[in-house]
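Colleague: Structure for this input, please:
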Amino acid sequence: MKGKESKSYFNILFFLSPLILNLSYAPISLFFIAYFSFIPFFYYLEKLNSKKAFFYGFLYGLIFWIGHLWWLYFLKPPITQTTKILLYFGIIVLFFYLALYFAVFFYLTKITSLFFAPIILPILEFIRTKSEIGFPWGLIGYTQTKNPIFLNWASIFGIYGVSALVILLNLLIYKIIFHSNKKRFIILLIILIFSSIGYYLIRIKTLPDFFKVALLQPNVSPEEKGTKEEQIRLLNQLIRMTKIAAERRPHLIIYPETASLIDITFDSPYKEFLKAVSDTYHCYLLIGTPRYEKDEKGFRYYNACVLFAPQKGIVGEYRKIHLVPFSERIPYYEKIKIFKLIETEDMGNYSSGEEYTVFKTDKTSFSCAICFESIFPDLIRKFVKRGAEVIINITNDGWFGKTFGPYQHYELAIVRAVENGVSLVRCANNGVSLICDPFGKIYKKSKLFKEEIIFANVKAPLKNTLYRQFGDWFILFSAIIFGLYFLIKTFLYFLSFSKRK
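Modeller: Purely as a prediction, here's the structure:
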């Protein structure tokens, strides 16, 4: 009877653990829960066959993603009823698609060994970030954004290495609880914890101030940008906030994504006002703007930002490279015919930028990631490798409403600072706007859905990080180890088969 009761408890734990795992993410951020959330998975995996491992992995993933991305159903984009139905259907498809990665994780761990789990999951997470439908949300490493001791390993291994660390902690704790030879696993756990503390203490230091910024958070509802009157009101609000910010003499004033509702590069009184502010107060202005360009195929639309420099006007622009699938652009539009059939008028038809722009001022150089570009590790690394000393992220998270979405989004972004050893400056239309140092510490932050102007000194960058230098080397290393295992296993299989003959 006790055995049956114990099994039923583990059944309950298994299906609760993916939901409980979500408590480790923003905004709740109980990071320590992540160290135990895969223990029921390890327990069951040793008792299931490979087919059942795949099935249970799929269920685990489905429960996790529903709990992690429930807020997608509360998005408030200005779309027609037809597009809204397609959006809800797409969210369901997304849940099932993402759950497959957990299914494959369970399956591969079953047919190899539990000890391969810390490298299998990061490889799958890496694959999930690639392609036009890449979606690096909810990586297991992001459970540690509020734990600087473990998060700072991202400067060596990247976010995927932090995911591996969390899985390794689960594995060691599982072995300590259920394995007869506990001593070696206790020793490994102690080594892991104290090496993490040691690395953090060695790495952390006080950094000098670099330059002063002002972040304008107008808190305008995305739904209120449609009419001419509302656009004029927003323009007047930004002019008022710009004057207040400029009086404090920042080196750089930053506006959120699409702060300008017209292409700011076209001649207009607003463009002249921004140029006059830049000239008068000798400050730089970075502003999000749509960009329109005509070519032989017609008009091209870009989500972009431009930089105003004192006495020079507009001196540079960046056009968003990684567009939001099905919102700004339909992925594989030219290759998959069915996507053309489901296209509606209010689906995005933006073009993707091609240049990894590094803006330069007389004090620094920086790059600007627009919206969810900040969650792509390799994209941000390319900016820094090209000379960016600071990463700026402009975004409009108002579509998320008062859900977990805005909090998850900014916590993902701060990991880019740790990976590359540079400060992150984030300016959001409705919040959360913030400044964090190269160690991931936020030292200035706005409130959500509140008009604010944030003033702060940006911290100087670190000389280098291993991740900045070599990128996702940990994934390559893991793939080689995993590949060698299968080669050796295949070789031994054929060797034993030939001997039997």
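
Colleague: and the next element down the chain from the lowest-mean-pLDDT helix or strand in the chain?
Modeller: The weakest-scoring helix or strand in the chain, judged by mean pLDDT, DSSP states H and E, is helix 337-341 (a mean of 60). Per DSSP states H and E, the first helix or strand lying C-terminal to helix 337-341 is strand 359-360.

Colleague: Alpha carbons of stretch 253-272, in CSV - could you do that?
Modeller: Only the C-alpha atoms of stretch 253-272 are listed here, as CSV (Å, rounded to 0.1, in the frame of the first residue of the first chain):
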residue,chain,number,x,y,z
ILE,A,253,18.5,60.9,-24.5
ILE,A,254,16.8,57.6,-25.4
TYR,A,255,13.2,57.2,-26.7
PRO,A,256,11.3,53.9,-26.9
GLU,A,257,10.5,51.8,-30.0
THR,A,258,8.4,53.6,-32.5
ALA,A,259,8.3,56.8,-30.4
SER,A,260,8.0,58.7,-33.6
LEU,A,261,4.9,57.5,-35.5
ILE,A,262,6.2,59.0,-38.8
ASP,A,263,9.5,58.4,-40.5
ILE,A,264,11.6,60.9,-38.6
THR,A,265,14.2,61.1,-41.4
PHE,A,266,11.6,63.0,-43.5
ASP,A,267,11.5,66.7,-43.1
SER,A,268,9.1,67.8,-40.4
PRO,A,269,8.8,70.3,-37.5
TYR,A,270,9.4,67.4,-35.1
LYS,A,271,12.7,66.5,-36.8
GLU,A,272,13.8,70.1,-36.6
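
Colleague: Return the set of buried residues in it.
Modeller: Residues of stretch 253-272 classed as buried under the neighbour-count rule (16 or more other C-beta atoms under 10 Å) are 253-261, 263-265, 270-271. Where you see a C-beta, it was placed from the backbone N, CA and C, and this is true even at glycine.

Colleague: Stretch 114-125 now?
Modeller: If you call a residue buried by 16+ other C-beta under 10 Å, then stretch 114-125 has these buried ones: Leu114, Phe116, Ala117, Pro118, Ile119, Ile120, Leu121, Pro122, Ile123, Leu124, Glu125.

Colleague: Among the residues you listed, which ones are in helices?
Modeller: Of the buried residues of stretch 114-125, the ones assigned to helices by DSSP state H are Ala117, Pro118, Ile119, Ile120, Leu121, Pro122, Ile123, Leu124, Glu125.

Colleague: Kindly reformat those residues as JSON lines containing pLDDT.
Modeller: Putting those into JSON lines (pLDDT from 0 to 100) gives the following:
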{"residue": "Ala117", "pLDDT": "97"}
{"residue": "Pro118", "pLDDT": "98"}
{"residue": "Ile119", "pLDDT": "97"}
{"residue": "Ile120", "pLDDT": "98"}
{"residue": "Leu121", "pLDDT": "98"}
{"residue": "Pro122", "pLDDT": "98"}
{"residue": "Ile123", "pLDDT": "98"}
{"residue": "Leu124", "pLDDT": "98"}
{"residue": "Glu125", "pLDDT": "98"}
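
Colleague: Go through those and name the one nearest Asn393.
Modeller: For these, the closest approach to Asn393 (C-beta to C-beta) belongs to Glu125, at 21.1 Å.

Colleague: From what I see, that closest one and Ile140 are in contact.
Modeller: Yes: with contact defined as C-beta atoms under 8 Å, Glu125 reaches Ile140; the gap is 7.2 Å.

Colleague: what residues are shared contacts of the two?
Modeller: Where contact means C-beta atoms under 8 Å, 6 or more residues apart in numbering, the residues bridging Glu125 and Ile140 through contact with each are Ser163.

Colleague: which regions of the stretch 101-250 of the chain lie under the pLDDT threshold?
Modeller: Within the stretch 101-250 of the chain, the stretches with pLDDT under 70 are 223-227.

Colleague: mind redoing it with 80?
Modeller: For the stretch 101-250 of the chain, residues meeting the criterion pLDDT under 80 lie at 131-132, 222-231.

Colleague: all strands of it, in order?
Modeller: Counting by DSSP state E, counting those that start in this stretch, one finds strands in the stretch 101-250 of the chain at the ranges 209-217.

Colleague: before we move on, what about the stretch 351-500 of the chain?
Modeller: With strands called from DSSP E, counting those that start in this stretch, the stretch 351-500 of the chain shows them at 359-360, 365-370, 390-395, 423-428, 434-436, 442-445, 452-459.

Colleague: Check which helices and strands the longest helix anywhere in the chain is in contact with.
Modeller: Of all the segments assigned as helix in the chain under DSSP H, the longest by residue count is helix 81-111. If you count contacts as 3 or more C-beta pairs under 8 Å, 6 or more residues apart in numbering; DSSP states H and E, helix 81-111 packs onto helix 39-45, helix 50-68, helix 117-128.

Colleague: one step back: the buried residues of stretch 114-125 into CSV, with extra columns for distance to Tyr302?
Modeller: Formatted as CSV, these follow (distance: C-beta to C-beta, whole Å):
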residue, distance to Tyr302
Leu114, 48
Phe116, 43
Ala117, 42
Pro118, 41
Ile119, 39
Ile120, 38
Leu121, 36
Pro122, 33
Ile123, 34
Leu124, 33
Glu125, 30
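
Colleague: just curious, which of these is nearest to Lys489?
Modeller: Proximity to Lys489 was ranked across the buried residues of stretch 114-125 by C-beta to C-beta; first place goes to Phe116, at 11.5 Å.

Colleague: Okay, that closest one and Leu100: tell me how far apart.
Modeller: Taking C-beta to C-beta, to the nearest Å as the measure, Phe116 falls 19 Å from Leu100.

Colleague: Contacts only, for Asn303.
Modeller: By C-beta under 8 Å, 6+ apart, the contact list for Asn303 reads Glu257, Thr258, Gly288, Pro290, Arg291, Arg319, Lys320, Leu323, Glu328, Tyr350, Ile370, Cys371.

Colleague: Take those residues and keep only those in helices.
Modeller: Assignment to helices by DSSP H places none of these there.

Colleague: Please report which of these has the highest neighbour count.
Modeller: Using other C-beta atoms under 10 Å as the contact criterion, the top neighbour count among the contacts of Asn303 goes to Ile370, which has 28 neighbours.

Colleague: And for it, nearest residue in space, chain neighbours not counted?
Modeller: Take Ile370 and drop its neighbours on the chain: the residue closest to it by C-beta to C-beta, 6 or more residues apart in numbering is Lys320, 4.3 Å away.

Colleague: Tell me if I'm right that that neighbour and Arg291 touch.
Modeller: No: Lys320 is not in contact with Arg291 according to C-beta under 8 Å; the separation is 9.5 Å.

Colleague: what's the overlap in contacts for those two?
Modeller: Joint contacts of Lys320 and Arg291 (C-beta under 8 Å, 6+ apart) are Tyr302, Asn303, Ala304.
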